[in-house]
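**Student:** Starting from these lines, generate the structure:
(2 chains)
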Number of protein chains: 2
Amino acid sequence: MENFVYNTPTKVYFGRGYEKQVGSIIKEYGFKKIMIQYGKESVKKSGLYDIVINSLNENGIEWVEMGGVEPNPKITFVREAVKLAKQEEVELILAVGGGSALDSCKYTALGAKADCDVWDFSMGKRKPQDALKVACVLTMSAAGSEMSNSAVLTNLELNMKKGCTTEFNRCLFAICNPELTFSVNKYQTACGVVDIMSHTLERYFTDYPDTEPTDSISESILKAVMCAGTIAVENPLDYEARATIMWSSSLSHNGLTGCGRENALPVHQFEHALSGEFDYVAHGAGLAVLFPAWAKWIYKYKPQRFARLARNVFGVNEEDDLKASLLGIEKMSEYFKSIGMPTTLRELNVPKESIERLVELCTYGYTRTVKSYVSMGAKEMKEIFELSY
Amino acid sequence: MENFVYNTPTKVYFGRGYEKQVGSIIKEYGFKKIMIQYGKESVKKSGLYDIVINSLNENGIEWVEMGGVEPNPKITFVREAVKLAKQEEVELILAVGGGSALDSCKYTALGAKADCDVWDFSMGKRKPQDALKVACVLTMSAAGSEMSNSAVLTNLELNMKKGCTTEFNRCLFAICNPELTFSVNKYQTACGVVDIMSHTLERYFTDYPDTEPTDSISESILKAVMCAGTIAVENPLDYEARATIMWSSSLSHNGLTGCGRENALPVHQFEHALSGEFDYVAHGAGLAVLFPAWAKWIYKYKPQRFARLARNVFGVNEEDDLKASLLGIEKMSEYFKSIGMPTTLRELNVPKESIERLVELCTYGYTRTVKSYVSMGAKEMKEIFELSY
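**Tutor:** The predicted structure follows:
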């Protein structure tokens, strides 16, 4: 087991009705003025917006708001938010939404305490030294951002999507009511399931020896989320399934599944290039295409590990490790397909000639890009994108 | 899934060598003066004491110390420590040891910020309103106290062992180096394994429907710790086994295995009566005797749950739930025996006539004592103690 630091300070209020307590929770922390960020009008239509605002008002919390966070949130929006946060001297940035709202809020919180442009954090030019506190009322199970230390931002001028990992990105608290995800449609639900699986799988396949209890816990989360994913796609109002997905989402990305291994996400790096270049591609859909391709390329360097996954998670009954690995990867693709996910770049309408550009985006700002069982350069990345076509 | 609040603020530094950084970690938090507590001279013989002191001195941290924390730590010791902590105005209480040192430190931290006697917290007469910060350099895998919100204290005047659960009991940080447990002897290692299993099992058997991913994660932890336990008892220097036990210990008792269920520990309540009355009884040994007795008494009220454990953790292959339950409980006892644990009260030299007194201690200060599938009064408790004889 490799040395690790486990830091999950986020206090999670999980279950029905906690969104009504958001004002009193914030009051308990002693904050007086906050900024709320949310995406589209759906939080208003659902009534969640009113619940949050009423709770803030009842508890005497002042607030300003920035609505309109887009999927794959944009740096232009964050720059505006930073300006407003500084001007209004808010103390906490509250996301009411999913991973995108949280990405935007995390970058806003970093920017509000910095004297540089926030893109410097994405490009590694500057390291965050301070930040406002961030919290959320979660409406989507996917990114695991509610407990993670990561955030990612899209810069359309550069056609780039790049993240920043820092402990300042950990939410102070997260309100997670599975009912708030009832209205997430089938496609987005499935995208979330793939994202959660990918957070777990990518850590599972970092290059370390078997590590218990981490590996078995990861397998447990994978099986639970797959089973619940099938149910939730069929019946969006199934509370238990939504709850299993929501809690698995937090656990898959808060560090637990990387303990004694590593918290690296090689396939996410590929996918950020993809949805950075093609803004309409949903992150989870991109992962559903890219993960099996990455796996098919790399399994031969660690067949015993891929075979373990195949046997313990995908029920593969095959003694030969190489054969078992491939069967497992096939079953994974089949599962993604069964919940309505694409399995090729072609299905995502990505032109084949854009692969060169995707490879370039993958490697931008790095020398040796993708940490895996083998070092991957541009040639290897190209092969993986081609496998996914 | 039941609503829950998940709060694990403890920053865990897990792995080789972190104990050398204790001074710099404390300095980073901004503390200037601390109290150290430890048990017997073993931390001095092992060299750990010197490592900690040197690190504190190098980083300019002032310290006072209280050595001599006993197993099942005593209130008389804590009262002295509280006095010293107040007098010296220390800001942090650092345990260098295992669960006992941590119990003592947690109560000291509560007492140092209170104007009442700490026993009031055990008896529920007062609720903690504030506390000093607590942290630890862990030398034993068992209690899970390094991430838990619980502490327990023995009052020899009253022959009682009673705990206090409060979020103030969560450590600020925990340094967990599995190498520091290499010197724990076979018996104590086995006691630790039973304690860890019991923290997981007791939550697993709280009266709620199946809850994923919590249930599967619990089963993963149980299997991992049982396998590592067998190895560590045979080969105390096996780093991987020691690491698996140590990390499982933290996860079993930090709340993770109770998410969506409940963090109640009914069998611990029995055991605290036992080792409160018989100070020489090791907590884990008491649990090894009492858990299977409790299970044999109660399984008939929830056979499907006991059968699930039997099949998923103990490899029982039996379709009938009642039969599978009993086979599972038998296998559990066999496992305890295989790592050198007692399986009856008789083996612990507990006189049969003391059962009445144990029942009395179990119910003291409570109306309906033990939360389980059925409400348990003195009659039922007596039956369980008799089953364990």
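
**Student:** Check the offset of the longest helix along chain A from the chain's centre.
**Tutor:** Longest helix of chain A, by residue count under DSSP state H: helix A:214-234. In this view, helix A:214-234 has its centroid 16 Å away from the chain centroid, taken as CA atoms, centre = their mean, to the nearest Å.

**Student:** for stretch A:27-44, same thing?
**Tutor:** The answer for stretch A:27-44 is 21 Å, by CA atoms, centre = their mean.

**Student:** try stretch A:83-95
**Tutor:** For stretch A:83-95 - counting by CA atoms, centre = their mean - the centre lies 24 Å from the chain centre.

**Student:** before we move on, which element is residue A:137 in?
**Tutor:** strand A:133-138 (DSSP states H and E).

**Student:** which neighbours does that strand have in its sheet, and in what orientation?
**Tutor:** Sheet pairing for strand A:133-138, assigned by DSSP bridges, gives strand A:92-97 (parallel), strand A:173-176 (parallel).

**Student:** What separation do you get for the residue in the stretch 51-200 of chain A that chain B sits nearest to and residue A:249?
**Tutor:** Per CB to the nearest CB, residue A:178 is where the stretch 51-200 of chain A lies closest to chain B, at 7.7 Å. Bear in mind the C-beta positions are built from the backbone N, C-alpha and C, glycine included. The gap separating residue A:178 from residue A:249 is 10 Å, by CB to CB, to the nearest Å.

**Student:** Identify the contacts common to these two.
**Tutor:** Contact criterion CB atoms under 8 Å, 6 or more residues apart in numbering or on different chains; residues bridging residue A:178 and residue A:249 by contacting each: residue A:141.

**Student:** Please tell me how far stretch A:209-228 is from the chain's geometric centre.
**Tutor:** Worked out by CA atoms, centre = their mean, stretch A:209-228 lies 18 Å from the chain centre.

**Student:** That one near chain B anywhere?
**Tutor:** Yes - using CB under 8 Å from any CB of the partner chain, stretch A:209-228 reaches chain B at A:212-214, A:216-217, A:219-221, A:223-225, A:227-228.

**Student:** Pretty sure the residue of the stretch 51-200 of chain A closest to chain B sits against residue A:248.
**Tutor:** No - checked against CB atoms under 8 Å, the pair residue A:178 and residue A:248 is beyond contact range at 11.2 Å.

**Student:** rewinding a little: strand A:133-138 and the next helix or strand after the strand holding residue A:137, what's the angle between them?
**Tutor:** Using DSSP H and E, the next helix or strand after strand A:133-138 towards the C-terminus is strand A:150-155. Angle, strand A:150-155 to strand A:133-138, by axes from the mean of the first three to the mean of the last three CA atoms, to 10 degrees: 90 degrees.

**Student:** tell me the mean pLDDT over strand A:150-155?
**Tutor:** Mean per-residue pLDDT for strand A:150-155: 92.

**Student:** on that earlier part again, and residue A:178 and residue A:248? which has more neighbours close in?
**Tutor:** residue A:248 (31 against 23; other CB atoms under 10 Å in any protein chain shown).

**Student:** hmm, back to that, quick one: residues contacting the residue of the stretch 51-200 of chain A closest to chain B.
**Tutor:** Residue A:178 neighbours (CB under 8 Å, 6+ apart): A:15, A:16, A:141, A:239, A:242, A:243, A:245, A:246, B:1.

**Student:** ok, now with 10 Å
**Tutor:** A:14-16, A:138, A:141, A:232, A:238-247, B:1 (CB atoms under 10 Å, 6 or more residues apart in numbering or on different chains).

**Student:** low pLDDT regions in chain A?
**Tutor:** A:364-372 (pLDDT under 70).

**Student:** just to revisit the earlier point, list just the nearest of the residues of stretch A:209-228 next to chain B to residue A:43.
**Tutor:** residue A:228 (23.8 Å; CB to CB).
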